[in-house]
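Asker: Next input, structure requested:
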Amino acid sequence: MTSVLASVKGPEIDWAAFSPLLGLFGGALIVLMVGLSSPRVIRAHGVPALTIAAFGATIGLLIWEWNEQVSLIQDALILDRLTILITLLVCVAGIASTLLAWREQAAREIAHGEFFSLLLIAAGGMVVLAASRNLVTTFVGLELLSLPLYILCASRLRSERSLESGLKYLIVGSVGSATLLYGFAMLYGATGETDYAGILTQVVKEGLMGDALFLAAIGMTIVGLAFKASLAPFHQWTPDVYEGAPTPVTAFMSVATKAAALGVIVRLFFTALLPGVDDWRPAWIAIAVISILVGNVGALGQRSLKRMLAFSSIAQAGYLLVGVVVVTELGAEAVVLYLVVYLLANLAAFAVITVRERETGSDAIGSLRGLGARSPILAGAMTLAMLSLAGIPATAGFIGKFRLIEAAADGGYTWLGIVIVVGSMISLAYYLPVVAAMWRPDTEPGVDPATGRAVLAGGAQEAEAERGGWEATLVAAVMGAAILVFGIVPQPLFELVGDVLKGFGTG
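Answerer: As a prediction, the model looks like this:
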C-alpha cells in the first residue's frame, strides 16, 4: 500500500503562472483576517485599502506573465493572453467596485472583512472560469464566482430589497447552474471526455455533430451560460437583482461576471464545440436578437437607473454575442474589444449612481436633475457613459459597436449588424433622457427634485458631497476620461486586443 501511494504523483504546477490566482485568494484570506482582528478604523479604511492592494498585486503578476502561455494542473486551466486580459478586466472592476464600496453601508452591516473577502473570492472564481479548459474546472469556477455574489447581493441586512435580491439570485442562479451541470454531464456522456481538447477530438473522431445526446448537451450548456450572462429570454432575474443589490455589488456584477461568462463562451464554443458550429450557431443567433430587442425595449420607461442599466446590460450582452456567432478571428476580437469599452461605460455610470444614491437616497433618473451645475465632473462622466453605451461617435462605445458590425458583415451576417444599429437607435430613447436630466436646470432653485429637500449650501454642502465620497467621483472621472480618449484614439485598444488573440484558434 505504501509503495502504491509513493508511486502516485500530483500534478505539476507552475507557481509563477498560478500566482495571479494566489494573489486573489491569498488577498481574500488576509483581508478576512484583518477585518476580524483589527480596530474599527482599520476595518473601515485599512480593509478596503488591502483589497485594492490585492487586486493591484494581481495586475502586477499578470503583467509579469504577459508573454507566457502555460497549462496548469494537467491542462485543466490555461494562462494565456485571453485569460490575462479577462483577469485584468475583473481586477479593474474589482478596484473600482472597492472604491465605490469604501463607504458602503452593506460593508458595515456584514462586516468589512467578510464583504471585501467575498469580493476577492468572486473575482478568483471569474478567473478560474475564464482560464478553464475542462468541464470540471469550468463548473467549479462558475460556482466559486456565484456563491459569494449571492451573499453580497443580500449584504444590506436591513433592506428588504437587498435580501429579496440575494434570494432571487440564489434561486434563479441555482437553476442556471443545475441546467449547465446537466449539459456538461450529457457532454461527458456523449464524448467520454471532460477536457476541451479531448471533447474536440472525440466529436470529430466519432462524428457526433448530429448525435441526439450531443445536441441536448449543447442546448443545456447554452441555456446555463445564458442564465449566467443574463441573456434573454433567461434574464428575468436581472432587473430585480440589479435594483435590490448594493450599487457597488451591482457595478461589479454587471461587468466582471459578463466578462468571465463571455470568456468561457468564446473558449468553449470556439474550441471544444467548434465542429458542432452549425448546430449551436442558430441558437446563439436567436438569443442575441431576442436579447437586443428585449433589453432595449424593456429599458424604455424605466425610472430607476439601476433597472434601466439592467435591461441595457441584457442588450449589451446581445451585441457581444454577435461577435461570437460569426466564429471568426475578427469576431473574437470584436467581443474582447467590446468587453473593454462596456466595462468603462458601466463603471462610470454606476459610480455616478453611487454618489447620487448616497446624497439623495434615490436611484431615480430625477435624482440627476441639475447635476451638471452642481458637479460637472460627475455629469460629464455620466454623459460620456450614456453616449458610449448608445454607440455615439467620439466615444469608445462607437468603436466597439463599429467593430462588432464589421465582424458581422465580414462573417456573412450583415443583417445582424443591422439589428445592432436598430437596437442602438432604440437605446437613444432611454439614454438621452438621462443626459437631458443632468444638464437641465432645477425647476426650483435650491431644491433637489429627486427628494424635495433643500440643497445644502456652504460647509453643509461639502459634508453632503463627502458622504457621496471622493472615491466614487475618482472612478467616474477616470472611466469617463478613458471613454473619451479611446473613442478618439482607439489604436492602442486595437493593438491590445489583436495581441491578446494572436494565435487563438477560431477556425
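Asker: Which stretches in the stretch 151-300 of the chain count as strands?
Answerer: For the stretch 151-300 of the chain, applying DSSP state E, counting those that start in this stretch gives no strands.
Asker: Could you tell me which ranges of it sit under the pLDDT cut-off?
Answerer: Counting by pLDDT under 70, not a single residue of the stretch 151-300 of the chain qualifies.
Asker: Which stretches in it count as helices?
Answerer: In the stretch 151-300 of the chain, the helices defined using DSSP state H, counting those that start in this stretch lie at 160-191, 196-206, 212-228, 238-244, 247-252, 258-267, 277-299.
Asker: Between the two ends of stretch 100-116, what distance do you get?
Answerer: Length of stretch 100-116, first residue to last, C-alpha to C-alpha, to the nearest Å: 12 Å.
Asker: Residues touching stretch 418-425, excluding its own?
Answerer: By C-beta atoms under 8 Å, 6 or more residues apart in numbering, the surrounding residues in contact with stretch 418-425 are 288-289, 292-293, 295-296, 315, 318-319, 322, 390-391, 401, 404-405, 408. C-betas here are computed from N, CA, C, even on glycine.
Asker: Low-confidence stretches in this protein?
Answerer: In the chain (pLDDT under 70), the answer is 1-11, 38, 442-468, 502-507.
Asker: how near is residue 188 to residue 161?
Answerer: 40 Å (C-beta to C-beta, to the nearest Å).
Asker: can you check residue 433 too?
Answerer: Counting by C-beta to C-beta - residue 433 and residue 161 are separated by 24 Å.
Asker: In terms of neighbours, single out the busier of the two.
Answerer: Higher neighbour count among residue 433 and residue 161: residue 433, with 16 against 13, using other C-beta atoms under 10 Å.
Asker: The helix or strand that contains that one vs helix 277-299, what angle?
Answerer: Assigned by DSSP states H and E, residue 433 falls within helix 414-439. If you take axes from the mean of the first three to the mean of the last three C-alpha atoms, to 10 degrees, helix 414-439 sits at 30 degrees to helix 277-299.
Asker: Return the distance of helix 414-439 from the chain's centre.
Answerer: Relative to its chain's centre, helix 414-439 lies at 21 Å (C-alpha atoms, centre = their mean, to the nearest Å).
Asker: ranges for the strands of the stretch 351-500 of the chain?
Answerer: Going by DSSP E, counting those that start in this stretch, the stretch 351-500 of the chain shows no strands.
Asker: ok, residue 171 - how many residues close by?
Answerer: 12.
Asker: actually residue 472, sorry about that
Answerer: 28.
Asker: my read: it touches residue 357, true?
Answerer: No: under the criterion of C-beta atoms under 8 Å, residue 472 makes no contact with residue 357, lying 9.7 Å away.
Asker: right, and the helices of the stretch 151-300 of the chain - which one's nearest residue 33?
Answerer: helix 247-252 (22.2 Å; C-beta to C-beta).
Asker: which secondary structure elements does that closest one contact?
Answerer: Using 3 or more C-beta pairs under 8 Å, 6 or more residues apart in numbering; DSSP states H and E as the contact definition, the elements that helix 247-252 packs against are helix 81-100, helix 135-153, helix 329-360.
Asker: Tell me how far the residue lying closest to residue 356 once chain neighbours are set aside lies from residue 360.
Answerer: Spatial nearest neighbour of residue 356, chain neighbours left out: residue 367 (4.7 Å); criterion: C-beta to C-beta, 6 or more residues apart in numbering. The gap separating residue 367 from residue 360 is 5 Å, by C-beta to C-beta.
Asker: what do you get for residue 441?
Answerer: Residue 441 is 17 Å from residue 360, by C-beta to C-beta.
Asker: which residues in the stretch 1-150 of the chain form helices?
Answerer: 2-7, 15-37, 40-41, 47-64, 81-100, 105-110, 112-131, 135-153.
Asker: Tabulate the ones you listed (TSV), appending distance to residue 182 and mean neighbour count.
Answerer: Below are the helices of the stretch 1-150 of the chain laid out as TSV (distance: least, C-beta to C-beta, whole Å; neighbours: other C-beta atoms under 10 Å):
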stretch	distance to residue 182	mean neighbour count
helix 2-7	35	7
helix 15-37	28	19
helix 40-41	47	8
helix 47-64	33	20
helix 81-100	26	26
helix 105-110	33	19
helix 112-131	18	27
helix 135-153	11	22
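Asker: for the nearest residue to residue 482 once chain neighbours are set aside, what are its contacts?
Answerer: Spatial nearest neighbour of residue 482, chain neighbours left out: residue 344 (5.0 Å); criterion: C-beta to C-beta, 6+ apart. Contacts of residue 344 were listed using C-beta under 8 Å, 6+ apart, and they are 385, 388, 396, 479, 482, 483, 486.
Asker: excluding its backbone neighbours, what's nearest the fourth one?
Answerer: The shortest distance from residue 479 to any residue that is not its chain neighbour, by C-beta to C-beta, 6+ apart, is 3.7 Å, and that residue is residue 348.
Asker: Give the burial count for the one you found, as a bare number.
Answerer: Count around residue 348 with other C-beta under 10 Å applied: 31.
Asker: Over to residue 303?
Answerer: There are 11 residues near residue 303, going by other C-beta under 10 Å.
Asker: hang on, isn't it packed against residue 367?
Answerer: No: the criterion here is C-beta under 8 Å, and residue 303 misses it with residue 367 at 10.1 Å.
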